[in-house]
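K.L.:
predicted model, plus sequence, below.
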Amino acid sequence: MDVPFLISLIVLVPLTWLAQRFAEPWVQRIEDAGARLALRKNAVIVGAGLLAIGARLLLLPLAPVPIPWVHDEFSYLLASDTFAHGRFTNPPHQLWVFFDTFHVLQHPTYASKYLPAQGMILALGQVLGNPWIGVLLSVGVMCSAVAWALQGWLPARWALLGTLLVVLRIGIKSYWVDSYWGGAIPAIGAALVIGALPRILLHRRVRDSLLLGVGAAVLANSRPMEGLLFCLPVAVVLVVRLFSLSRERRGGRLNFRTALLPAVAVLGVIAAFIGYYNWRVTGNALLLPQALYRRDYWDPPLFVWQPVKPAVSDASHPFTGMVEVPAKPAFVGRSWARQVLTKCHWGWSFFLHEALTIPFLTLPWLIFDRRIRILMLQFVWCGVWLLLVYWFEPHYAAPLTASVFIIVSQAIRHLRQWKFRSYRVGILASRVIVIVAIAGVFLPNSETINGPRRGWNLSRAQFVERLEATPQKHLVIVHEGPGHDPTRLWVSNAADIDGAKVVWAREIPGRDLGPLLDYFHDRKVWVVDADADPPQLEPYRGDAAAQGLH
């Protein structure tokens, strides 16, 4: 059990019990005020987003704007810079071999391998002043979208509780808001899909069908495979209701024109957009950038039964010596059972942790709860597939965010009914859960982040800041030794390489640097030893060119 959590239980459980024992009228007033607030559904939706954004801004002195660290983050930032310049992609550079890097296509065009949703929200932030603004806005919208989804499934007061929990657990302190890796965007799309489902079944409004289509479109442009798996149970429910004769006799059969056609129309438009985007990036409307990347660059296993490919041996390639991505200690060489346990632990730690595990003592009641039966089945369906995928990070499960917090809220609702003799233990437990969740925001080391945020990446960011403060342009050549850790991604460039103030290039063993130096003859040239501790930025000395940089 996590030590800070244990300490919080030791401190907060007695305090909560005392409050319940001696200050029950005041506690009840607070809960009644929350119940009245919950009835103002639009205010809750807007307030959830503003609370997440405002609280994270207040934490900036303690947790400043994040510095990219993971390969994926640099790729998304390239997409951001590309979109911010009004382009879907960039022309390939004639010296691309020196700029080759992870998760980036160098040909037929120079672009991120990822679909555009995350890059577009970062581009919005970049236009506003910093890509992280886009991250912050997306997390705020996510909290609002989850609030809307909760209101479609649960009574207002329980929807408010679930909204508060998602803000506390994910919206303020998590790597979804403290990195550029994503998570909030697919969570938004899935919240729109799952929130639209009960509304379509109940009201059959065009608006809800449009929102379902928009949500599915967001998933298709962020996490398409997980999004498809997430949407399949929803599609099954809608199709069954569409053709249900028994429902028709009771006036409950869906009307395709009003309930489903708008969503289908939205998806048709998005399919055309994805085809156009593919064509601009890969030259083929049916070839996704990520599929091209896997074909031409690196093809790691997708599922647990697939073999791990051998390391790349080409010295000119940044993947040299790279068998696995940064998560390799968690998966490589481990049995499937160990991998399953690791994935379950990561997902549990991120979404629930100890405090939100307590409500699942009511699992026997949840299993037979008709209100959330489809969500429970959807969770199991998606969870099985996530366990079969070789890699796993919590944002892979982002489409399940709204579903998880609907289930958690309903579990607390069951828990609150528990009594031991005449003592209302369920009410005490529900209040402890909320108080511990609030305390978790202030506990040290309560943030789920999958790597150090202040190491070589901080040095790289400081070098960039230092060089961009000078009037001239710069070329930084990165030396990587034989034992270089490929997770330390020094070489990452802007969309317009030639126009960038600082250009990063790799030293390639056995390859002449002359063409690179000639091309950037008007720049001051520097050298960074990527394996030094701490890294040092040193002027390039031309007489070292024939022998390598070091």
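P.N.:
The structure has been received and is ready for your questions. These figures come from a predicted structure and were not determined experimentally.
K.L.:
which regions of the stretch 251-400 of the chain lie under the pLDDT threshold?
P.N.:
Low-confidence segments of the stretch 251-400 of the chain, defined by pLDDT under 70, span residues 251-253, 308-334.
K.L.:
same question, the chain
P.N.:
Across the chain, the stretches falling below the confidence threshold (pLDDT under 70) are 1-24, 245-253, 308-334, 422, 443-454, 542-550.
K.L.:
how many neighbours does Pro394 have?
P.N.:
When neighbours are defined as other Cβ atoms under 10 Å, Pro394 has 22 of them. In short, each C-beta sits where N, CA and C put it, glycine included.
K.L.:
typo on my end, Pro471
P.N.:
Other residues within reach of Pro471, judged by other Cβ under 10 Å, total 5.
K.L.:
that one in helix, strand or coil?
P.N.:
Applying DSSP: H, G, I helix; E, B strand; the rest coil to Pro471 yields a three-state assignment of coil.
K.L.:
ranges for the helices of the stretch 151-300 of the chain?
P.N.:
Remark: helices of the stretch 151-300 of the chain, listed N- to C-terminal, are 156-166, 184-203, 206-220, 224-242, 245-249, 261-282, 289-296; assignment by DSSP state H, counting those that start in this stretch.
K.L.:
for the stretch 1-150 of the chain, same thing?
P.N.:
Secondary structure of the stretch 1-150 of the chain (DSSP H, counting those that start in this stretch): helices at 3-22, 24-38, 41-58, 71-84, 117-128, 131-153.
K.L.:
and those helices as TSV, adding distance to Tyr396 and mean neighbour count?
P.N.:
Shown next, in TSV, are the helices of the stretch 1-150 of the chain (distance: least, Cβ to Cβ, whole Å; neighbours: other Cβ atoms under 10 Å):
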stretch	distance to Tyr396	mean neighbour count
helix 3-22	25	14
helix 24-38	32	12
helix 41-58	22	17
helix 71-84	12	24
helix 117-128	13	22
helix 131-153	16	25
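K.L.:
right, so of those, which gets closest to Val464?
P.N.:
Using Cβ to Cβ as the measure, helix 71-84 is the one of these that comes nearest Val464, at 12.0 Å.
K.L.:
check which helices and strands the closest one sits against.
P.N.:
Judged by 3 or more Cβ pairs under 8 Å, 6 or more residues apart in numbering; DSSP states H and E, the packing partners of helix 71-84 are strand 104-105, strand 111-112, helix 117-128, helix 131-153.
K.L.:
tabulate these (CSV), appending distance to Asp81.
P.N.:
Output for the helices and strands packed on helix 71-84, formatted as CSV (distance: least, Cβ to Cβ, whole Å):
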stretch, distance to Asp81
strand 104-105, 12
strand 111-112, 10
helix 117-128, 7
helix 131-153, 8
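K.L.:
which one, of the ones you listed, ends up nearest to Asp533?
P.N.:
Taking Cβ to Cβ as the measure, those were each checked against Asp533, and strand 104-105 came out nearest at 26.5 Å.
K.L.:
roughly how far is the closest one from the heart of the chain?
P.N.:
Centroid separation between strand 104-105 and its chain, computed with Cα atoms, centre = their mean, to the nearest Å, is 20 Å.
K.L.:
can you list the strands that that strand pairs with?
P.N.:
The strands beside strand 104-105 in its sheet (DSSP bridges) come out as strand 111-112 (antiparallel).
K.L.:
contact partners of the strand it pairs with?
P.N.:
The set of residues external to strand 111-112 that reach it, using Cβ atoms under 8 Å, 6 or more residues apart in numbering, is 75-76, 78-79, 82, 88-90, 103-105, 119, 281, 289.
K.L.:
can we see that at 6 Å?
P.N.:
Ser75, Leu78, Ala79, Thr89, Leu105, Val281 (Cβ atoms under 6 Å, 6 or more residues apart in numbering).
K.L.:
so what's the residue count around the nearest residue to the first one once chain neighbours are set aside?
P.N.:
Among residues not flanking Ser75 along the chain, His103 sits closest, at 3.8 Å (Cβ to Cβ, 6 or more residues apart in numbering). Look at His103: counted by other Cβ under 10 Å, it has 24 neighbours.
K.L.:
again with Tyr175
P.N.:
One way to gauge burial is a neighbour count; for Tyr175, by other Cβ under 10 Å, it gives 24.
K.L.:
now for Gly283, how many residues are close by?
P.N.:
Burial of Gly283 is recorded as 12 neighbouring residues (other Cβ under 10 Å).
K.L.:
look up how far Leu105 lies from it.
P.N.:
Going from Gly283 to Leu105 by Cβ to Cβ, to the nearest Å gives 11 Å.
K.L.:
and the angle for the helix or strand that contains Met376 with helix 131-153?
P.N.:
Met376 belongs to helix 373-388 when assigned by DSSP states H and E. Between helix 373-388 and helix 131-153, the angle formed by their directions is 140 degrees, by axes from the mean of the first three to the mean of the last three Cα atoms, to 10 degrees.
K.L.:
okay, buried residues for helix 373-388 please.
P.N.:
Going by neighbour count (16 or more other Cβ atoms under 10 Å), the buried part of helix 373-388 is Ile374, Leu375, Met376, Gln378, Phe379, Cys382, Gly383, Leu386, Leu387.
K.L.:
and which of the residues you listed is nearest to Ser403?
P.N.:
Within the buried residues of helix 373-388, the smallest distance to Ser403 is 4.9 Å, found for Leu375 (Cβ to Cβ).
K.L.:
so what's the closest one up against?
P.N.:
So, once contact is read as Cβ under 6 Å, 6+ apart, Leu375 ends up touching Ser403, Ile406, Ile407.
K.L.:
what's the closest non-adjacent residue to the second one?
P.N.:
In space, not counting the residues next to it along the chain, Ile406 is nearest to Trp153; the distance is 5.0 Å by Cβ to Cβ, 6+ apart.
K.L.:
measure that neighbour to Leu366 for me?
P.N.:
The spacing between Trp153 and Leu366, counted by Cβ to Cβ, is 13 Å.
K.L.:
same check on Gly140?
P.N.:
Gly140 sits 30 Å away from Leu366, going by Cβ to Cβ.
K.L.:
first-to-last residue distance for stretch 353-371?
P.N.:
Stretch 353-371 stretches 25 Å from its first residue to its last (Cα to Cα, to the nearest Å).
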